[in-house]
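>>> curious how this folds, go ahead:
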Amino acid sequence: MNYSSFIVKIIEKPTQKCLKNDIPVTEMVVKFSQTREKKSSETFRVFVWGNLANDVIQYYHIDDYIIIEGYISLHRDFSKNTSFPISNQVQISVRKIYPFL
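Residues are numbered from 1 along each chain as shown. Just a heads-up that it's a prediction; the model follows:
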């Protein structure tokens, strides 16, 4: 099961778009509040869907710390010349979000 929770810091302004069926989706780039290994990637993309997406735009800003719960997935970037993945980007589809004081 890949459902997890994290404490993260928002490092880019959340942006919102609507899908074809008028479901709002908010995307933001966040980073872990503390990393121990410098070789690991600190930032990842977070996607928030539905009514919660509207709340994120309204209440959360850059440099806010939040607790997120959601499903982890890997997005593979492929090179245009080959069919081999050149990097993996972690993405989280958020189900619950809380402010962290």
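>>> please, which helix or strand holds the spatially most central residue of the chain?
Geometric centre of the chain, nearest residue: Val46, 1.2 Å, by C-alpha atoms, centre = their mean. Secondary structure assignment for Val46, by DSSP states H and E: strand 43-49.
>>> could you do Asp55 as well?
Using DSSP H and E, Asp55 falls in helix 51-59.
>>> now that helix: mean pLDDT?
Average pLDDT, helix 51-59: 92.
>>> other SSEs contacting it?
Where contact means 3 or more C-beta pairs under 8 Å, 6 or more residues apart in numbering; DSSP states H and E, helix 51-59 is packed against strand 15-18, strand 24-32, strand 85-99. C-beta here means a position set from N, CA and C on the backbone, and glycine is covered the same way.
>>> now these as a markdown table including mean neighbour count, distance to Asn54 and mean pLDDT?
Output for the helices and strands packed on helix 51-59, formatted as a markdown table (neighbours: other C-beta atoms under 10 Å; distance: least, C-beta to C-beta, whole Å; pLDDT from 0 to 100):
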| stretch | mean neighbour count | distance to Asn54 | mean pLDDT |
| --- | --- | --- | --- |
| strand 15-18 | 11 | 8 | 92 |
| strand 24-32 | 18 | 6 | 91 |
| strand 85-99 | 14 | 12 | 79 |
